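**Q** Below are the sequence and a predicted model for it; my questions follow.
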Number of protein chains: 2
Amino acid sequence: MPRNQQILLASRPEGEATASNFKLVTTDTPALRDGQVLVRHHYLSLDPYMRGRMSDAKSYAAPQALGEVMIGGTVGEVVESRHPKFAPGDKVVGMGGWQDYAVVDAAQPGVLSKVQAGDGPGQVPLSHYLGAAGMPGVTAWYGLVKIIEPKPGQTVTVSAASGAVGSAYGALAKARGCRVVGIAGGKEKCDYVVNDLGFDACIDYKQYTDAGSLSKALKAACPDGIHGHFENVGGMVLDAVLSRINAHGRIALCGMIAGYNGAPVPLTYPQLLLTQRIRLEGFIVSEHMEVWPEALKELVGLVASGKLRPRETVASGLAAAPEAFLGMLKGRNFGKQLVKLV
Amino acid sequence: MPRNQQILLASRPEGEATASNFKLVTTDTPALRDGQVLVRHHYLSLDPYMRGRMSDAKSYAAPQALGEVMIGGTVGEVVESRHPKFAPGDKVVGMGGWQDYAVVDAAQPGVLSKVQAGDGPGQVPLSHYLGAAGMPGVTAWYGLVKIIEPKPGQTVTVSAASGAVGSAYGALAKARGCRVVGIAGGKEKCDYVVNDLGFDACIDYKQYTDAGSLSKALKAACPDGIHGHFENVGGMVLDAVLSRINAHGRIALCGMIAGYNGAPVPLTYPQLLLTQRIRLEGFIVSEHMEVWPEALKELVGLVASGKLRPRETVASGLAAAPEAFLGMLKGRNFGKQLVKLV
């Protein structure tokens, strides 16, 4: 059996997460038992939710156990199988964690899914099953379709617009006839959001030092106000959006990355939720598995047809995962953050 | 025609509202035109929403115009009518404003409604059509039934529990088999909430100086956590409730009286809306007229059967309205705040 590199959670962050919270180890992969599959990971997904799991504060999921392999989505190839539904060479997506190989009990429903992947025209590259055609894409779909429920012609906004969720959101919103305005950090990301992702406009929040000035920029980009907003960040961005949201606006609250590293980030004017009669809903997509087939069908179609061309930032080798993860929490990635493992 | 006392909005508050923002004038009531009705007001309702109308900040309703009669709900008796559907002696409820008499264009739908009122057993006193059997009662009904949607056995909470909305909320929640826990200011109000209104428990927020200690008191009163919350106040109370709300909890956001007098009151931990996957909805009941018949039927039944015995604080004479209103904003009223005009 091959040797396996793994990254464990070594300690819980106090305030900002650091590289010292992680530990790289090498182990032997155990021999397979009946029903098990050995998967060689091609890509590991790095996502903001992982920061939440590193803490033991009350949240929607149990904290990541200390000394165990960090949780994470993976795509890869079956290299050995003792399960009748999987054969060597199958491309699979699962939650294999921060490691080169995973031994998976493939009998558990939903734990490992076969996917069709390819790099040709009309095909979906394997890595995209961790992004636009995976959890981030379905997350965008759920927030837009099930919470915001936009009508054609309405204006919808999204923070972290150049990221995996934001890019899918933009394509899904355009497919529904919406005006879609992104918020992202830096000119390069904003140019990409407009030119490559097809957003109608994108605001560089780094040009603004307070919610008031960001609010003015939103007013210019959203002359009809904001009908629906998808929040990945929180803090100043959410304050500014709330100041421009229309009556009966909807907010899909999916991430508050601004507050993940310790100090809470307050909402400055919650009164606007009342005066504008807003419906705000926090959600995590893993609680809504029933939408996956419908959502993935649309997302795979958008990717295969070239209407959704998500960008990726790819770190190389498992040992690079901690720094890539910490950089992503600071917005240093551009598009979906991955680690390439083969 | 009788002489009419009126209270006008003389100026907009800067920060806290004061008596100098109001002006009492006396005028002649004009002669009626066809379709008009002259109503003598018996009671004027004083409500927190009026504070919002005094400002010209962006809100769900246009600001109250300067120099005009303050807006307000009223019950009274028709004293003269040039409309075929109304006759002298009819008891009516409407939005007559802060004045002794109102000339009403009764042809406008919904502007004036006849009610059955009486002080005997099984009857509803006239004043209650401004409270439990009126706008505050329907407000409680909408938030509980349409937003919180509690199941029997679930725990629901409400701030300003001894007030007109809170008292109706308690009776409606008990009728649905819920555990209902109030939050109110002072021992006297809390005793009333439990002993007279039939809440399972009531927490005196004045005993706590911060959200953390209030949160501990909520934990003791809500051993199964909080499934749904109705917010009238905002600020520390909402912070504390959020710290105890269960996954997939619902929050009906109806008032944020803590922030009505100027400085905004932030929400300290908006991240909990995400981690607990909360659905929060701001609403004003006047946008949901479709529920009024169903809601009023239940509320009138609860009052007439003695299951809902709302308390009233009654000021005497129109000139007392400003001080009574300002006191209500500080929580000095006990139950529904009214002004008796006859």
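**A** Received it, and whenever you're ready, just let me know what you need.
**Q** Which residue is the nearest non-sequential neighbour of residue A:312?
**A** Distances taken as Cβ to Cβ, 6 or more residues apart in numbering or on different chains place residue A:336 nearest to residue A:312, at 4.8 Å, with adjacent residues excluded. Any C-beta I mention is one placed from the backbone N, CA and C, and that applies to glycine too.
**Q** Run through the helices of the stretch 101-250 of chain A in chain order.
**A** Per DSSP state H, counting those that start in this stretch, the stretch 101-250 of chain A carries helices over the ranges A:135-141, A:164-175, A:187-195, A:211-221, A:236-242.
**Q** Mind checking those for the one nearest to chain B?
**A** Taking Cβ to the nearest Cβ, helix A:236-242 is the member of these nearest to chain B, at 7.4 Å.
**Q** so, in contact with chain B or not, that closest one?
**A** Yes. Looking at helix A:236-242 against chain B by Cβ under 8 Å from any Cβ of the partner chain, the contacts come from residue A:238.
**Q** Residue A:273 touches residue A:245, doesn't it?
**A** No. In this structure, residue A:273 is not within contact of residue A:245 by Cβ atoms under 8 Å, at 9.1 Å.
**Q** Other residues contacting the host helix or strand of residue A:294?
**A** Assigned by DSSP states H and E, residue A:294 falls within helix A:292-304. Helix A:292-304 has contacts (Cβ atoms under 8 Å, 6 or more residues apart in numbering or on different chains) with A:122-124, A:128, A:132-133, A:137-138, A:141-142, A:145, A:168, A:171-172, A:175, A:308-310.
**Q** among those, which ones are buried?
**A** A:124, A:128, A:132-133, A:137-138, A:141-142, A:145, A:168, A:171-172, A:308-310 (16 or more other Cβ atoms under 10 Å in any protein chain shown).
**Q** mind listing what's buried in stretch A:292-308?
**A** Buried-residue list, stretch A:292-308, by 16+ other Cβ under 10 Å: A:292, A:295, A:296, A:298, A:299, A:300, A:302, A:303, A:304, A:308.
**Q** Correct me if wrong: the last one contacts residue A:164.
**A** Think residue A:308. No. Applying Cβ under 8 Å as the test, residue A:308 and residue A:164 come out as separate, 10.7 Å apart.
**Q** Need the overlap of contacts for those two.
**A** Counting by Cβ under 8 Å, 6+ apart, the residues touching both residue A:308 and residue A:164 are residue A:132.
**Q** For residue A:60, report the pLDDT, please.
**A** Per-residue pLDDT puts residue A:60 at 68.
**Q** and if you look at residue A:334?
**A** Looking at residue A:334, the pLDDT reads 89.
**Q** okay, now it: neighbour count?
**A** 18 (other Cβ atoms under 10 Å in any protein chain shown).
**Q** May I have the phi/psi pair for it?
**A** Dihedral pair for residue A:334: phi -130, psi 100, per degrees, to the nearest 10.
**Q** Downstream of the helix holding residue A:294, the next helix or strand is which one?
**A** strand A:312-316.
**Q** packing partners for that following strand?
**A** helix A:321-329, strand A:336-340 (3 or more Cβ pairs under 8 Å, 6 or more residues apart in numbering or on different chains; DSSP states H and E).
**Q** What strands line up against that strand, and which way round?
**A** Each strand paired with strand A:312-316, and its direction, by DSSP bridges: strand A:336-340 (parallel).
**Q** what's residue A:101 in contact with, if anything?
**A** A:2, A:4, A:29, A:38, A:39, A:40, A:41, A:79.
**Q** Look up the closest residue to the last one, ignoring the ones flanking it.
**A** With Cβ to Cβ, 6+ apart as the measure, residue A:40 is the residue that lies nearest to residue A:79, at 4.8 Å, once sequence neighbours are left out.
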